[in-house]
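Here is my input, please return the structure:
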Amino acid sequence: MLIYEGMESFDTARILYLSLLLGAVAFYYVIANRRTLGAMVRHAVLWALIFIGVLSAVGLWQDVRPRLAPAQISRGDGIIAVDRDMTGHFSVRAAVNGTPVAFLVDTGASNVVLSMEDAERAGIDIGNLVFTGRAQTANGTVRTAPVTLDTLDLEGVHDRKVRAYVTDGELFGSLLGMDYLRRYERIEIQRDKLILTR
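Below is the predicted model of the structure:
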């Protein structure tokens, strides 16, 4: 099977120390530049506006990014067309046990593989997983635990009791491997479009 952590929270004492240090530096800067206080205030306002602008741009990107995601369209009769994403891969959103999960379609992976986060969101009891398998990834060897998904739905194509694996290693999303893709009669790639026919 082929399988392609955030900032630690500061404690109160560290925040207080950094605040005092920043306050001392700011006080010294004001005293040292008291003759050009007007220009200093203008610069401070300018930097504050730049900071606010950057934060606004980041917030706007979070709103716009889902709209830039590749289209995933069901044509009916079990035919699903997926556009290639900006990274050059085919990504889909499927429902695992009723929970939306983003998958990378990976013909190089043998199995359906869930990240620990996706497995937990899908209602899998990760505390009771038994990691009996091993898989080689780009980041080294990881442990895997077999699970059975009650349901896996992709654009109206409904499967029950799907065998999958949960990994405890670093995984940038979950994978739809060949165990799942073999359920389709035909898998085609036409230019930048993946077409799955059930």
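
Who are the contact partners of the closest residue to residue 179 other than its chain neighbours?
Excluding its sequence neighbours, the residue lying closest to residue 179 (C-beta to C-beta, 6 or more residues apart in numbering) is residue 111, at 4.9 Å. All C-beta atoms are positioned from the backbone trio N, CA, C, and that covers glycine. For residue 111, the set of contacting residues under the criterion of C-beta atoms under 8 Å, 6 or more residues apart in numbering consists of 1, 163, 164, 165, 175, 177, 178, 179.

Not counting the lengthiest strand in the chain itself, show me its contacts.
As assigned by DSSP state E, the longest strand anywhere in the chain is strand 140-154. Residues from elsewhere that reach strand 140-154, judged by C-beta under 8 Å, 6+ apart: 1, 3, 80, 92, 94-98, 112-114, 119, 122, 124, 129-135, 158-171, 180, 196.

so of the residues you listed, which ones are in helices?
119, 180 (DSSP state H).

which among the contacts of strand 140-154 end up buried?
1, 3, 80, 92, 94, 96-97, 112-114, 119, 122, 124, 129, 135, 159, 162, 164-167, 169, 171, 180, 196 (16 or more other C-beta atoms under 10 Å).

Just the ones of these in strands?
In strands, defined here by DSSP E, the members of the buried ones among the contacts of strand 140-154 are 3, 80, 92, 94, 96, 113-114, 135, 159, 162, 164-167, 196.

quick check, nearest of those to residue 56?
Nearest to residue 56 among those is residue 92, at 31.3 Å by C-beta to C-beta.

close enough to count as contact, that closest one and residue 82?
Yes - because the distance of 5.6 Å satisfies C-beta atoms under 8 Å, residue 92 is recorded as touching residue 82.

What separation do you get for the one residue sitting closest to the centre of the chain and residue 106?
Of all residues in the chain, the one closest to the mean position by C-alpha atoms, centre = their mean is residue 173, 5.4 Å from it. Distance of residue 173 to residue 106, given as C-beta to C-beta, to the nearest Å: 10 Å.

same check, this time on residue 125
Distance from residue 125 to residue 106, by C-beta to C-beta: 25 Å.
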